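Engineer: When you get a sec, could you give me coordinates for this:
(one chain, ligands or ions: 1)
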Amino acid sequence: MKKILLINGSGRKKNTYHLLKSIEEILINEIFETEIVNLYKENLEFCKGCEVCILKDGCFINDNCNEIMKKILQCDGLIIGTPVYLNNMSGILKNFFDRTCSWFHRTPVYQKPTLLLANTQGSGIKTTLNSIKEVMIQWGVCLTGRVSRNGRNFNKPITREEIKNFITSVNLNGFGYTPSFKEIYTYNIQRTLANNIFPIDKKYWEENDLINNVYFKSARINPIKKFYGNALYKLLCKVIKPIENLK
Ligand SMILES: Cc1cc2nc3c(=O)[nH]c(=O)nc-3n(C[C@H](O)[C@H](O)[C@H](O)COP(=O)(O)O)c2cc1C
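Structural biologist: Next up, the predicted model:
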């Protein structure tokens, strides 16, 4: 049975949670197994900014972060929900993303079907969902859609129609995803950093057979995007020079 992980980025069990519950109901009808993680209930410390996770891997903070990351890694589909705080995602969710910073460079969750959810009293849906999308592009997930509610329609449950692309993508294991130019651009920036800057990234990108591709392998790339990715990578490798004595 496919498992879907739903993340509640709110500081409480209210609007975001109820919307996630309405999605959960649809998923259970589709015979998916589900789990909701309420980030505010987890023992999650703030990122200390040491950059060890980027340069060496792992995090010295002993809390629930690794466990949540493992759940994301193991699920077949991911749903991330947040309330809008000051026209952006909640601080709890942002801190969680900060704690996953190694995935910016060395993502193990690529091609995971993902759905984004935001809700607000009135403003900030677009900026909030775009902020989360930026992180998701770095993770290399399959962006299968976004759903939102506001003060006027909080009580309207999410419908199957709104999440049908997500369900299809989960059933296909993310296979055949068509990345945008921006996703290919981002991939090739990290590909360059792996090749020229960070030895630990290079090892990861080589071991996972990522370094010779313009995007993650199960994606659908047309010849124009392939040309664009390879040309960009060649150019970036010339511009972004290796740094001497990088520790
Ligand atoms: C700290 C904070 C900041 C907020 N900022 C905004 C905002 O910028 N725009 C807006 O329309 N609503 C804002 N809201 C309202 C919430 O987005 C809204 O009530 C949301 O439904 C709360 O979801 P929740 O019940 O899951 O926490 C804010 C609420 C809080 C607590």
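
Engineer: Could you pull out the helices in this structure for me?
Structural biologist: For the chain, the helices defined by DSSP state H cover 15-29, 52-55, 65-74, 91-99, 102-105, 125-139, 164-171, 181-196, 199-207, 223-239.

Engineer: Closest to the centroid, which residue in this structure?
Structural biologist: Centroid check for the chain by CA atoms, centre = their mean gives Met136 as the closest residue, at 2.9 Å.

Engineer: so which of the helices of the chain gets nearest Thr82?
Structural biologist: Nearest to Thr82, of all these, is helix 91-99, at 4.9 Å by CB to CB. Glycine gets a C-beta too; all of them are placed from N, C-alpha and C.

Engineer: How about residues contacting that closest one?
Structural biologist: 7, 9-11, 39-40, 44, 46-47, 59, 61, 65, 68, 80, 82, 85, 88, 132, 135 (CB atoms under 8 Å, 6 or more residues apart in numbering).

Engineer: among those residues, which are in reach of the ligand?
Structural biologist: By CB under 6 Å from any ligand atom, the members of the contacts of helix 91-99 lying near the ligand are Ser10, Tyr85.

Engineer: quick one on the thing from earlier: check contacts around the residue nearest to the centre of the chain.
Structural biologist: Taking CB under 8 Å, 6+ apart, we find Met136 in contact with Ile80, Thr114, Leu116, Leu143.

Engineer: of all the residues you listed, which comes closest to the ligand?
Structural biologist: The closest of these to the ligand turns out to be Ile80 (CB to the nearest ligand atom; 12.9 Å).

Engineer: any idea how far the closest one is from Ser102?
Structural biologist: Going from Ile80 to Ser102 by CB to CB, to the nearest Å gives 18 Å.

Engineer: ok, and the helix or strand in this structure with the lowest average confidence?
Structural biologist: Lowest mean confidence among the helices and strands of the chain (mean pLDDT, DSSP states H and E): helix 52-55, at a mean of 94.

Engineer: which other helices and strands contact that helix?
Structural biologist: With contacts taken as 3 or more CB pairs under 8 Å, 6 or more residues apart in numbering; DSSP states H and E, helix 52-55 sits against helix 102-105.

Engineer: Take the helices of the chain and lay them out in TSV including distance to Lys2.
Structural biologist: TSV is the format used below for the helices of the chain (distance: least, CB to CB, whole Å):
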stretch	distance to Lys2
helix 15-29	9
helix 52-55	29
helix 65-74	11
helix 91-99	23
helix 102-105	22
helix 125-139	19
helix 164-171	6
helix 181-196	24
helix 199-207	27
helix 223-239	29
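
Engineer: So which of those helices is nearest Phe154?
Structural biologist: Closest of these to Phe154 is helix 15-29, at 5.4 Å (criterion: CB to CB).

Engineer: which residues touch Gly174?
Structural biologist: Here Gly174 is in contact with Gln111, Lys112, Pro113, Val141, Cys142, Ser218 (criterion: CB under 8 Å, 6+ apart).

Engineer: To clarify, my last question referred to Gly58.
Structural biologist: Taking CB under 8 Å, 6+ apart, we find Gly58 in contact with Val52.

Engineer: Roughly how far does it sit from the ligand?
Structural biologist: Distance of Gly58 to the ligand, computed by CB to the nearest ligand atom, to the nearest Å: 32 Å.
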